[in-house]
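[1] structure for the following, please:
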Amino acid sequence: MKKMSVWKICVSALLTALVCVTTAVVQIPIPLGYMHLGNVMILIAGICFGPEVGLIAGGIGSALADLLTGFAIWAVPTLIIKSTMGYIIGRIAWSGSSTLPQKAHVRIAAANIAGIVIMIAGYTIFGGVIYGSVTAGISQVPGLTLEGVLAIVIFYVIYGALFASGAIKFLREHNA
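    The predicted model follows:
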């Protein structure tokens with residue numbers, strides 16, 4: 001079994017907290033749930049720090065937000081969906097590389113899209129199961145799609161700022 005470095009454990013804990021807070025603080029109601037900014041942090045976690053950090057931060061941070069904000073019925077589905085989302089984002093962004101993607105624009109774009117598709121499909125399926133209706137699950141798709149598109153746009157703004165400030169270079173050198 002691969003051991004995580006102290007750096008990755010600390011980064012995972014910090015990003016778990018950031019996912020939880022950005023999910024819980026601003027919630028805009030949509031059918032069966034809410035829109036939030038937590039997906040932006042999951043994209044950052046997976047793309048900047050890899051699949052393990054994406055999995056931990058995405059799954060635990062999002063599930064905690066559901067538990068803390070009155071959506072406990074969604075905590076287990078969220079744990080499954082967001083863990084998968086964070087892991088796949090990281091796997092795609094880091095494919096063929098053991099270091100932070102440097103000029104991997106296509107991989108980063110593919111990771112963003114795949115992550116949001118996983119989120120939309122997961123909540124659509126679980127919505128149908130939890131509420132016993134395919135229509136109920138599908139009713140979330142427009143809100144989830146808007147949430148996903150906004151998450152990708154905000155991700156690129158933040159990622160661009162991190163890249164311009166030299167933070168991406170720092171992360172690349174210290175992400176072990």
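
[2] helices or strands next to the helix or strand hosting residue 85 in the packing?
    Assigned by DSSP states H and E, residue 85 falls within helix 75-93. On a contact count with 3 or more C-beta pairs under 8 Å, 6 or more residues apart in numbering; DSSP states H and E, helix 75-93 meets helix 38-49, helix 51-68, helix 105-131. C-beta: built from backbone N, CA, C; applies to glycine.

[3] off-centre distance for the least confident helix or strand in the chain by mean pLDDT?
    One helix or strand of the chain scores below all others by mean pLDDT, DSSP states H and E: helix 167-174, with a mean of 73. How far helix 167-174 lies from its chain's middle: 20 Å, per C-alpha atoms, centre = their mean, to the nearest Å.

[4] counting contacts, what elements does it pack onto?
    helix 38-49, helix 141-165.

[5] so which of those is the most packed in?
    Counting by mean count of other C-beta atoms under 10 Å, helix 38-49 has the highest mean neighbour count of the helices and strands packed on helix 167-174, with a mean of 28.

[6] now do it, average pLDDT.
    In this model, helix 38-49 has a mean pLDDT of 95.

[7] can you check stretch 129-149 too?
    Mean pLDDT, stretch 129-149: 94.

[8] that stretch: end-to-end distance?
    One end of stretch 129-149 to the other measures 25 Å (C-alpha to C-alpha, to the nearest Å).

[9] who touches it?
    Identification of contacts with stretch 129-149 by C-beta atoms under 8 Å, 6 or more residues apart in numbering yields 30-33, 35-36, 39, 73-74, 77, 116, 119-120, 123-128.

[10] go again using 7 Å as the cut-off
    30-33, 35, 39, 73, 116, 119-120, 123-125, 127-128 (C-beta atoms under 7 Å, 6 or more residues apart in numbering).

[11] among those, name the buried ones.
    30-33, 35, 39, 116, 119-120, 123-124, 127-128 (16 or more other C-beta atoms under 10 Å).
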